[in-house]
Every structure is written in structure tokens, then in C-alpha cells.
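Chemist: Please find the sequence and the predicted model below.
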Amino acid sequence: MSKATKETPNTGHSFYQRLVIVISVATLVLIGLISIFSATQSLDADSYRFLERQIMWLGIAVVAGVAASMIDLERPKKLIPIGAVLGIIFLIAVLIPAIAQPINGSRRWITIGSIGFQPSEFAKIPFVFLMAYYLSANQRFLKTLLRGFIIPLAIIGVFCILIILEPDFGTCALYGAVGLMLLYLAGARLTYLIPTVISSGTLFLYLIFQNPVRLRRLLSFLDVEGNKNDATYQLHQGQMAFGNGGFSGVGAGNGRSQNSFLPEAHTDFIFSIIGEEFGFMVTCLVVVLFLVIFTTVILSMRRAPSMFQALLVLGSLLMIMLQALINMGVVTGLLPTKGMSLPFISYGGSNLVVMCVFTGVLINCLRSWESLPMRSERRKLVEITG
């Protein structure tokens, strides 16, 4: 037993991991609030309106994140399918004209009074929980075709189809990527996955070619300079903002992009505002903070006590990181233009609440794992105790 005691890890290490995540997220949120206030100065006579709304949503997001960090994730497993069904119902509701009105050609918002929310954002939570729950409950069948591949693929397909009908191609791609990565990490056969990825990618491109707006964005992306006064105007202005900011930036409130040069600067292209006003140093800081969150969580995965919690953490992490990568890729011209928020930073309550819930899930799991030895140490404990 004395040897077993020596193998028990220092629980304080997990505390510092959680602290690092909290500080990183808080710093990203602070950068976001400053950037939103700066980017919305010329949009409204009441220059504090957007900031006040974001702070209001931040309060809700913090409460939701703290709640997610405190609950026992193992107990409500049976409620996960119900949550997934509710998420699907809201995704269907947003397609009904009497419930949701189109904005910029897409039905993505449900408005109740003065409050609007995106079902495709909130559905990320039950989607990740459902994938983790199903794959962990069917571990023994993950190499089979029906229960190990077709059924989980159908779950991914239902969410993706409803989202692409809005239409929201970028969020659909995000769901598909996270779902297939979880399926791969859970142990599904590559002989099933590889053809599915290829066929899904082909179908996705076909749907883009059938949609004139998305096709125009894709073709214009191939020649940003030639279409800078038309389809790639926003991207061109965003890149100019980075160039104008240089290494140290022009200072908060001094950027030209906020003066209506850059549309949607406080939402999808907030990263350009950061680059212009705070320079290369702060843009690098944003990237480093996301990298710190990713690395901290990945290093803790060796303590995961169950497949459900491991997949839940990986799904939450992927939802945050892939969304950040897509947004940064779009703003820097590495990916075609797609409206997607930068987690914790962009203006928007729905995404902020969801990202904080996922952060709460990460904190929750890291806290519950702190008294557990790593897998290699658990094997030694089994050998010692017989």
C-alpha cells in the first residue's frame, strides 16, 4: 500500500491546469470586450449598447459555465437523448417561416421578444454529449458496421442536414468535422471512415456549386485582389487592417476599420480589429492563449477514467478550437469567407454562452480527474494490489 500511495499524483497539479484555462479564457473575453467596444463606436449613437449587451450575455455565460463545471456529468446520462431531441426540435423550428424570419438569406435566429438566439449554436452542446454518450455506451460494437458506424453517422447527418438547410455551410462543416473526429478517436474502422470523408467532402462541394452565393464566395476567394471591390471586399479590408496595425497596432479606437470600412467587424472579423488596433503582439497572444488551452487539456487526457468523459472533453475542446481555427483562417485569407464567431471574443450571446459551457465541462472533468492516477500508474496499482 505504501507503493500505491507513492503512485498517487499530486492533486495540486490539476488545480494549476484549471487555473491556466480560466485565466486564458478570461483574457480572451477581456480582449473581446475591449475590441467590441472599439469596433462598434461608429455603428450606433449609443456607443455602449453593444458592450452592454455583451456584458449581459457574459453574465449568463459565466453562470452557465460555473453550473457546467459543478454538476456530476455521470448522473444525467439518461437525459442526454432528451436534450438531443430538444436541440433537433429547435433546429427544425428555425426552418419554419412562422417562427424564424430570414436574415441575409438564412434562417438561423429565433427571436423571443427582444432576445434572439441561434439554435445551431446551442445544439452544439447536446450534439457533443450525445456523441460521447452513444460511442462510450457502444464501445464493444465500434468495429461493427451498424452500431459502430452507421448509427453514429446518422446522428451526425441529422444535425448537419438541418443546419445546411438554414443554410449554414460553415457550421455544418464544423459539426461534421467534430463528429467524424470523435468517431475516429473512439475507434471506428478507417475502412469506413475514409470513404465517408471523401464522399462527404464531394457532396459538400456539390452543394456549394448548387448555391450561387456560396459558389461566388469560393471562386472570388481564389482571386482576392481582383474581387476586392465586390465579393472579397470584406476579406480585403480585413487583410488591410492587419497590415495597417503592424507590430504594435495603431491603438484602441484609432483603427480605420471600425469606421464602417469593415462590415461585421465586431462579429466575424473581430480578429482584424485586434490586429489593426493592438498589432501583431496581441494577435499572437490570442493564438497562444488558444494553444495553451488546447495543450493543457490534451496533457490531462491520460487521467480520463472513462471513454464517455474522454470523448466529452475532446468534443468540447474540438468545438472551441476548430471554430477558432476556421475564424482565424477566414480572416487571414487562408479559408473562403464564412461567417463564424471567434470563441470568447466575437460579439454574440449564443456563441459566448455555449463556449463557456464547454469550458465548464473541461474544468469539471479536470477537477474530477485530479485524484486519479494516470493510466500507466493505474496499471502499476493493479499489479501492486493484485
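Modeler: Sure, I can see it. Every value quoted in this text rests on a predicted model; they were computed, and no experiment measured them. Residues are numbered from 1 along each chain as shown.
Chemist: What degree of burial does residue 169 show, as a neighbour count?
Modeler: Number of residues near residue 169 (other C-beta atoms under 10 Å) recorded here: 22. Where C-beta positions appear, they are placed from N, C-alpha and C, glycine not excepted.
Chemist: So it sits against residue 205, correct?
Modeler: No. Counting by C-beta atoms under 8 Å, residue 169 sits too far from residue 205 to count as a contact (10.4 Å).
Chemist: Now the common contact residues for these two.
Modeler: Common neighbours of residue 169 and residue 205, counting by C-beta atoms under 8 Å, 6 or more residues apart in numbering, are absent.
Chemist: Show me what the lengthiest helix in the chain is packed against.
Modeler: Scanning the chain for the helix with the most residues, using DSSP state H, yields helix 270-300. Using 3 or more C-beta pairs under 8 Å, 6 or more residues apart in numbering; DSSP states H and E, the elements in contact with helix 270-300 are helix 12-39, helix 233-245, helix 307-331, helix 349-369.
Chemist: The ones you listed: which one's closest to residue 276?
Modeler: Smallest distance to residue 276 across those (C-beta to C-beta): 3.9 Å, for helix 233-245.
Chemist: That closest one: how far from the chain's middle?
Modeler: Its chain's average C-alpha position is 24 Å from that of helix 233-245, according to C-alpha atoms, centre = their mean, to the nearest Å.
Chemist: before we move on, back to that, now the helices and strands packed on helix 270-300 in a markdown table, with mean neighbour count, distance to residue 77 and mean pLDDT?
Modeler: Shown next, in a markdown table, are the helices and strands packed on helix 270-300 (neighbours: other C-beta atoms under 10 Å; distance: least, C-beta to C-beta, whole Å; pLDDT from 0 to 100):
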| stretch | mean neighbour count | distance to residue 77 | mean pLDDT |
| --- | --- | --- | --- |
| helix 12-39 | 18 | 23 | 89 |
| helix 233-245 | 20 | 43 | 71 |
| helix 307-331 | 22 | 7 | 94 |
| helix 349-369 | 23 | 14 | 93 |
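Chemist: and of those helices, who's closest to residue 283?
Modeler: Nearest of the helices and strands packed on helix 270-300 (C-beta to C-beta): helix 233-245, 7.6 Å.
Chemist: Counting by contacts, list what the closest one packs against.
Modeler: Looks like helix 233-245 contacts helix 270-300, helix 307-331 (3+ C-beta pairs under 8 Å, 6+ apart).
Chemist: Could you give the separation of the longest one from the chain centroid?
Modeler: When you say that, I think you mean helix 270-300. The mean C-alpha position of helix 270-300 is separated from the chain mean by 15 Å, C-alpha atoms, centre = their mean.
Chemist: For it, what does the pLDDT average out to?
Modeler: When pLDDT is averaged over helix 270-300, the result is 92.
Chemist: Could you pull out the helices in the stretch 1-150 of the chain for me?
Modeler: All helices of the stretch 1-150 of the chain, identified by DSSP state H, counting those that start in this stretch, fall at 2-7, 12-39, 49-70, 80-93, 119-122, 124-137.
Chemist: quick one: low-confidence ranges for the stretch 1-150 of the chain?
Modeler: Along the stretch 1-150 of the chain, the model assigns pLDDT under 70 to residues 1-12, 42-47, 104-105, 114.
Chemist: pLDDT score for residue 225?
Modeler: As predicted, residue 225 sits at a pLDDT of 63.
Chemist: What residues does residue 126 make contact with?
Modeler: By C-beta under 8 Å, 6+ apart, the neighbours of residue 126 are 80, 83, 84, 86, 87.
Chemist: just so I know, which of the helices and strands packed on helix 233-245 lies nearest residue 76?
Modeler: Closest approach to residue 76 among those is made by helix 307-331 (11.8 Å; C-beta to C-beta).
Chemist: counting contacts, what elements does that closest one pack onto?
Modeler: helix 124-137, helix 169-186, helix 233-245, helix 270-300, helix 349-369.
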